[in-house]
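Visitor: predicted model follows, preceded by the sequence.
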Amino acid sequence: MSTLISFLGKGDPRKGYRTATYRFDSNVVKTVTFFGLALTDYLKPDRLILLGTPSSMWENFFDRDGIDPEAMEPLIDAVAAGRVDDRLLDLPCRQLAEQIGIPVDCLLIPYAREETEQAAILRLLAGVVQPGERLCLDVTHGFRHLPMLALVAARYLARVVRVEVEEIYYGALEMTPPAGETPVLRLRGLLDMLDWVDALATYDKDGDYGVFAPLLAKDGMAEGRAELLATAAYCERTSNPELARENLRRAFPALDTHDGPLARLFRETLKERIGWFRGLTRHDRELSLADAYLKRSDYLRATTFMYEAFVTRACYTQKCDDADAQSRDDAFNHARKKTPAVGQLKNLRNALAHGVRARGEHSDETAETIADEHSLRNVLKKLRNKLF
C-alpha cells in the first residue's frame, strides 16, 4: 500500500495559503493553494495522512465544496483558540475522503517544541503505518522545524516499522521566479546521505566495509566493482586477509576514480578505512588489522590477527613458507623461545576463540585477564608493544 504523509501548517487565517503553480515534471503542472492535495492527485496514493497541530489551518484547508458548512463553524473557533480536537476533524475528514476517493486520516500532533513532543510525533506516526507500506512525505507546509523532524521520522519509520520511504517532496514556493512556476524538489537524496553516514558508523563498530558495496552500486560505480568490496570484506572477516587484499586491489582504482555525487562526499574517508591492504608485507597488513580490531573492541579478531602477524613475521625472518601450516608451526615454536610472551597471546586467542576456560600453563592468568575488559585491553596493548 502507498501512503502520502503531508503536513498542514499555520498561517494568516484570512489569507490562507498562497496559490502557486507547481511544476511536478515536464508534463504535469498544477495550480493549487495546498500543495499536499496537488501531490495526492499526482502520486495517486492509496491513502493520505494529514498532520497538523491544534492551531493549524484546518478551517482553510477544509473550506471547499463538498464539506459541510455547519462543521466549519466550530472548527474556525477551535483553530483560533488552538483547541482543535479529533471530534471536530472527523466529519470534514470523511467528506474529503469521499471527494478524493481514498481514505484520509487527520492526525493531530503536538508542536514539536522539545524532545518529548518530538518523540510523541514519531510514536503517533508509527501507530498509523504498517510494515511494508510505501511512504512519500510532503514537507512543504507546517512549522519551519518540522521538515527536520520529517527526515528523522522517515529514518525512524524505515528502521522501526520497516516501511519503505520512496520520496520526500517540497514545493519550493520561495524559489518561484517572477510570474513563473514553483519547482517541486525531491529530497530522497538526503536519506541516501544518511545511509552513507550509517554505513560509516557500522564500519567503525564492526569493521565490515562491505556495507558500502550496495551504496556505491546505487551511486553508479561500474558493474561488479562495488561487489569486489563486499567480497573483500567477507574474506577479511573469515580470516583470509590476503584474498581480501587482492579484491581490494582490484576495487581500489574504481573507488579512487568513481565520481558519483555521494561517493565524492565519502571517498577519502572510505579509502582511509580500507588502507590496510597497502602494507608492504603480509605481517604488516595483519598487524594493521589487529590494531583496527583492537580499536573497535573486537578482541577475538584483534588477538587472532596479532597472533597471525607474529607467526607470519617469524616465517619471514626464518625465510620459510608462510602459507604452509607446518612451516608456520615450526616458525612459531622457534620464535617463542626468544619471545616467550607470545605464549600469553596464544592462550588469550584460544580462550576467546573457544569460549572456555583456558587450561595448562598460565590458565589462571588468562582467565583473570579476560574476565575484565579493561584488563584484557591493557594486556593486549602491552603484548602488541612487546611483540612488535
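Guide: Everything's here; your move.
Visitor: give me the mean pLDDT for stretch 203-217.
Guide: Across stretch 203-217, pLDDT averages out at 90.
Visitor: how far off centre is that stretch?
Guide: On the basis of C-alpha atoms, centre = their mean, to the nearest Å, stretch 203-217 sits 11 Å off its chain's mean C-alpha point.
Visitor: quick one: buried residues of that stretch?
Guide: Across stretch 203-217, burial judged by 16 or more other C-beta atoms under 10 Å covers 203, 207, 209-213, 215-217. The C-beta positions use only the backbone N, C-alpha and C, and glycine is treated the same way.
Visitor: first to last residue in it, what's the distance?
Guide: One end of stretch 203-217 sits 17 Å from the other (C-alpha to C-alpha, to the nearest Å).
Visitor: got the contact list for it?
Guide: 192, 195-196, 199, 202, 223, 225-227, 229-230, 232-234, 236-237, 255, 258, 260, 262-263, 270, 273-274, 292-293, 296, 298, 301 (C-beta atoms under 8 Å, 6 or more residues apart in numbering).
Visitor: give me the element Lys386 is part of.
Guide: helix 373-387 (DSSP states H and E).
Visitor: what's that helix packed up against?
Guide: helix 282-295, helix 299-318, helix 342-354, helix 363-370 (3 or more C-beta pairs under 8 Å, 6 or more residues apart in numbering; DSSP states H and E).
Visitor: give the contact list for Thr339.
Guide: So Thr339 contacts 310, 386-387 (C-beta under 8 Å, 6+ apart).
Visitor: now it: how far from Lys218?
Guide: According to C-beta to C-beta, to the nearest Å, Thr339 and Lys218 sit 48 Å apart.
Visitor: next: Ala80.
Guide: Ala80 is 48 Å from Lys218, by C-beta to C-beta.
Visitor: still on that earlier bit, for the helix holding Lys386, buried residues please.
Guide: By neighbour count on 16+ other C-beta under 10 Å, the buried set for helix 373-387 is 376, 379-380, 383-384, 387.
Visitor: restricted to helices, list the buried residues of stretch 203-217.
Guide: 203, 212-213, 215-217 (DSSP state H).
Visitor: identify, from these, the entry nearest to Leu345.
Guide: Relative to Leu345, the closest of those is Tyr203; by C-beta to C-beta it sits at 26.0 Å.
Visitor: just checking: what are the partner strands of the longest strand along the chain?
Guide: Longest strand of the chain, by residue count under DSSP state E: strand 164-171. Paired strands of strand 164-171, with direction, are strand 134-138 (parallel), strand 182-186 (antiparallel) (DSSP bridges).
Visitor: can you dump the C-alpha coordinates of it into PDB?
Guide: C-alpha atoms of strand 164-171 as PDB (Å, rounded to 0.1, in the frame of the first residue of the first chain):
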ATOM      1  CA  GLU A 164       9.800   1.900   2.600                       C
ATOM      2  CA  VAL A 165      10.200   5.700   2.200                       C
ATOM      3  CA  GLU A 166      10.100   6.300  -1.500                       C
ATOM      4  CA  GLU A 167      10.400  10.100  -1.700                       C
ATOM      5  CA  ILE A 168      10.300  13.400   0.200                       C
ATOM      6  CA  TYR A 169       8.700  16.300  -1.600                       C
ATOM      7  CA  TYR A 170       8.900  20.000  -1.100                       C
ATOM      8  CA  GLY A 171       7.000  22.700  -3.100                       C
END
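Visitor: what's that strand in contact with?
Guide: So strand 164-171 is contacted by 2, 20, 22, 35, 38-39, 132-140, 147, 150-151, 154-155, 157-158, 182, 184-188, 190-191 (C-beta under 8 Å, 6+ apart).
Visitor: ok, stretch 56-63 next?
Guide: For stretch 56-63, using C-beta under 8 Å, 6+ apart, the contacting residues are 8-11, 13, 16-17, 34, 50, 52, 71-72, 75-76, 79, 84, 88-89, 92, 96, 106, 142.
Visitor: just the ones in helices from those, please.
Guide: Going by DSSP H, the helices hold 71-72, 75-76, 79, 88-89, 92, 96 from those.
Visitor: out of these, who's nearest Glu246?
Guide: Leu96 (61.3 Å).
Visitor: the closest one: how many residues sit nearby?
Guide: Leu96: 21 surrounding residues under other C-beta atoms under 10 Å.
Visitor: that one and Leu89, how far apart?
Guide: Following C-beta to C-beta, the distance that separates Leu96 from Leu89 is 10 Å.
Visitor: what does Val379 give?
Guide: 64 Å.
Visitor: and what of Val211?
Guide: For Val211 relative to Leu89 (C-beta to C-beta), the value is 43 Å.
Visitor: adding pLDDT and distance to Ala335, write the ones in helices among the contacts of stretch 56-63 out as JSON lines.
Guide: Formatted as JSON lines, those follow (pLDDT from 0 to 100; distance: C-beta to C-beta, whole Å):
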{"residue": "Ala71", "pLDDT": "75", "distance to Ala335": "87"}
{"residue": "Met72", "pLDDT": "81", "distance to Ala335": "87"}
{"residue": "Leu75", "pLDDT": "89", "distance to Ala335": "84"}
{"residue": "Ile76", "pLDDT": "86", "distance to Ala335": "87"}
{"residue": "Val79", "pLDDT": "90", "distance to Ala335": "81"}
{"residue": "Leu88", "pLDDT": "93", "distance to Ala335": "82"}
{"residue": "Leu89", "pLDDT": "93", "distance to Ala335": "78"}
{"residue": "Pro92", "pLDDT": "90", "distance to Ala335": "82"}
{"residue": "Leu96", "pLDDT": "91", "distance to Ala335": "79"}
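Visitor: closest to Ser288 among those residues?
Guide: The closest of the ones in helices among the contacts of stretch 56-63, once distances to Ser288 are taken by C-beta to C-beta, is Leu89, at 61.0 Å.
Visitor: my guess is the closest one meets Cys106, correct?
Guide: Yes: counting by C-beta atoms under 8 Å, Leu89 does reach Cys106; the two are 4.3 Å apart.
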